[in-house]
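K.L.:
Next come a sequence and a model predicted from it.
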Amino acid sequence: MAVKTLDDLISEGVAGRRVLVRADLNVPLDGDRITDDGRVRAALPTIERLAAAGARVIVAAHLGRPKGEPDPKFSLAPVSARLGELLGADVTLAADVVGDSAKSVTGALADGQVALLENVRFDPRETSKVEDERADLARELAALTEDSAGASGAGGRGGAFVSDGFGVVHRKQASVFDIAGVLPAYTGGLVLAELEVLRKLTEEPARPYAVVLGGAKVSDKLGVIANLLTKVDRLLIGGGMAYTFLKAQGYEVGGSLLQADQLDQVSGFLAEAEKRGVELVLPVDVLAATEFAADAPYEVVEATAIPADRQGLDIGPKTRELFAGKLADAATVFWNGPMGVFEFEAFAGGTRAVAEAIAGSDAFSVVGGGDSAAAVRQLGLPEDGFSHISTGGGASLEYLEGKDLPGVSVLGE
Ligand SMILES: Nc1ncnc2c1ncn2[C@@H]1O[C@H](COP(=O)(O)OP(=O)(O)O)[C@@H](O)[C@H]1O
Ligand SMILES: O=C(OP(=O)(O)O)[C@H](O)COP(=O)(O)O
């Protein structure tokens with residue numbers, strides 16, 4: 001199947017058509033304040049091109065992981081406001097995903113206008129494992145693109161779907177995957193650009209090739225390690241990811257993040273790394289805090305001696321040096337996941353040290369992930385220190401692993 005792109009859609013003509021764009025607008029928030037708008041900015045070019053060509057643009061996106069029902073904490077209201085500011089145009093936020101509000105807001109769009117649906121994950125069908133349930137939601141989303149005469153997408157002048165949410169293409173979800181079976185589907189510019197850069201990491205990467213993993217989505221991302229061990233020379237593990245490794249080695253990790261059900265799997269990774277001669281580098285010291293708080297008292301302790309009443313919130317000074325040394329002469333680096341709770345100044349040092357080491361190396365370097373990219377910008381690090389800053393963490397990792405990305409393969413990419 002030939003892959004159709006946003007360029008093809010624009011050439012077909014979009015004036016007056018309702019086009020559904022799946023974007024990844026999952027930005028970090030402090031209350032209702034966006035702390036990094038990188039993903040909103042990354043979504044702009046596609047939305048702007050469609051609007052300029054006269055499309056009636058309907059944006060679908062998620063925020064966080066609500067439990068399949070409306071939850072004001074996860075409303076896209078701050079994102080809608082920021083999107084409007086950056087576009088220099090009003091962006092109406094529907095109060096629901098496919099309900100009365102979505103129908104009326106999208107029905108009222110004029111050519112060149114943009115509307116945002118409320119968090120798609122407020123509808124439990126978005127993330128359902130039951131295909132029929134997802135397909136139901138996909139059909140209802142597609143119906144929002146029909147014109148008043150009821151024209152469907154199939155005739156070419158009806159609705160269309162543009163997949164541009166790179167950070168979420170690894171999810172088999174209704175607005176990412178199933179929708180492409182219902183509407184004529186096109187690959188957006190962001191997804192194309194991200195894949196092009198990541199392809200370079202899979203085609204004979206220059207060596208030594210180092211991958212740095214951290215962050216908090218531990219169970220999601222542990223899954224990629226088995227495969228990465230067949231591809232990389234060095235695997236550096238920090239952030240919330242490290243404690244499951246330390247525990248698997250038999251050490252106490254106190255109240256640190258822990259994936260207790262994956263200890264056997266992680267022990268297997270340790271053995272496999274040794275067998276393959278991959279350097280698997282773990283923290284040797286951590287900042288152990290009394291609680292998860294910005295002003296929590298903490299002390300530097302050996303990673304093998306975390307007190308039971310403490311939790312590791314950052315890698316320690318010896319680890320920062322160790323990791324920097326492993327990155328200094330790397331020729332290719334991929335980094336996903338902060339080394340600590342960088343949102344709290346006291347625990348941002350490990351993330352800063354790793355970012356500086358990568359930026360200071362001559363490696364072809366890619367940093368991926370909503371929070372990792374946010375950290376690079378928030379810590380005031382020069383963005384040009386990296387070859388590429390990707391909007392997707394899990395999506396990039398699964399691509400590097402060689403895994404099928406449902407939101408990409410469904411487009412024929
Ligand atoms: N030791 C730790 N304990 C708890 N949370 C951590 C720790 N280290 C990093 N984090 C958290 O991980 C989050 C980012 O994780 P993740 O979503 O996996 O990364 P990304 O969005 O870059 O893919 C950040 O909010 C950070 O505070
Ligand atoms: O933030 C995201 O992924 P990332 O943290 O791996 O970069 C995406 O928006 C996907 O979100 P999800 O991991 O809740 O499906």
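P.N.:
Structure's in. What do you need? Ligands and ions are numbered 1, 2, ... in the order given.

K.L.:
use CA for all of it now, contacts and neighbours both
P.N.:
Will do.

K.L.:
is stretch 391-398 up against ligand 1 anywhere?
P.N.:
Yes: when contact is scored as C-alpha under 6 Å from any ligand atom, part of stretch 391-398 falls within range of ligand 1: 393-394.

K.L.:
tell me, how many neighbours does Gln173 end up with?
P.N.:
In terms of burial, Gln173 registers 25 neighbours under the definition other C-alpha atoms under 10 Å.

K.L.:
where does it sit relative to ligand 1, distance-wise?
P.N.:
Applying C-alpha to the nearest ligand atom, to the nearest Å, the value for Gln173 to ligand 1 is 18 Å.

K.L.:
Now do the contacts for that residue.
P.N.:
For Gln173, the contact set (C-alpha atoms under 8 Å, 6 or more residues apart in numbering) comprises 126-128, 134.

K.L.:
do that again at 7 Å, thanks
P.N.:
Contacts for Gln173 were tallied using C-alpha atoms under 7 Å, 6 or more residues apart in numbering; they are 126-127, 134.

K.L.:
do the same with Gly38
P.N.:
For Gly38, counting by C-alpha under 7 Å, 6+ apart, there are no contacting residues.

K.L.:
Now do it against Phe292, distance only.
P.N.:
Spatial separation of Gly38 from Phe292 under the definition C-alpha to C-alpha, to the nearest Å is 26 Å.

K.L.:
Show me the strands in the stretch 101-250 of the chain, by range?
P.N.:
Ranges of strands within the stretch 101-250 of the chain are 114-116, 160-163, 185-187, 209-213, 234-237, based on DSSP state E, counting those that start in this stretch.

K.L.:
between the ones you listed, which gets nearest to Ile34?
P.N.:
Taking C-alpha to C-alpha as the measure, the strands of the stretch 101-250 of the chain were each checked against Ile34, and strand 114-116 came out nearest at 16.7 Å.

K.L.:
Tell me the strands beside that closest one, with direction?
P.N.:
Strands that pair with strand 114-116, judged by DSSP bridges, come out as strand 56-60 (parallel), strand 91-93 (parallel).

K.L.:
ok, Leu63 touching Phe74?
P.N.:
Yes: using C-alpha atoms under 7 Å, Leu63 is in contact with Phe74, at 5.8 Å.

K.L.:
mind putting the strands paired with strand 114-116 in CSV, mean pLDDT included?
P.N.:
Formatted as CSV, the entries for these read as follows, by pLDDT from 0 to 100:
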stretch, mean pLDDT
strand 56-60, 98
strand 91-93, 98
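
K.L.:
ranking those strands by burial, who's on top?
P.N.:
Across the strands paired with strand 114-116, the average number of neighbours (mean count of other C-alpha atoms under 10 Å) peaks for strand 56-60, which reaches a mean of 27.

K.L.:
buried sites along the next helix or strand after that strand?
P.N.:
Using DSSP states H and E, the next helix or strand after strand 56-60 towards the C-terminus is helix 77-87. By neighbour count on 16 or more other C-alpha atoms under 10 Å, the buried set for helix 77-87 is 77-84, 87.

K.L.:
tilt between helix 77-87 and strand 56-60?
P.N.:
Angular relation of helix 77-87 and strand 56-60 on a 0 to 180 degree scale: 140 degrees, by axes from the mean of the first three to the mean of the last three C-alpha atoms, to 10 degrees.

K.L.:
quick check, helix 77-87 touching ligand 2?
P.N.:
No: with C-alpha under 6 Å from any ligand atom as the measure, helix 77-87 is seen stopping short of ligand 2, the closest distance being 13.3 Å.

K.L.:
Put the alpha carbons of that helix into PDB.
P.N.:
As requested, the backbone C-alpha atoms of helix 77-87 are provided in PDB (Å, rounded to 0.1, in the frame of the first residue of the first chain):
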ATOM      1  CA  ALA A  77      -8.200  23.300  28.600                       C
ATOM      2  CA  PRO A  78      -4.600  24.600  29.200                       C
ATOM      3  CA  VAL A  79      -3.500  23.000  26.000                       C
ATOM      4  CA  SER A  80      -6.300  24.500  24.000                       C
ATOM      5  CA  ALA A  81      -5.500  28.000  25.300                       C
ATOM      6  CA  ARG A  82      -1.800  27.500  24.400                       C
ATOM      7  CA  LEU A  83      -2.600  26.100  21.000                       C
ATOM      8  CA  GLY A  84      -4.700  29.100  20.300                       C
ATOM      9  CA  GLU A  85      -2.000  31.500  21.400                       C
ATOM     10  CA  LEU A  86       0.600  29.800  19.300                       C
ATOM     11  CA  LEU A  87      -1.700  29.700  16.200                       C
END
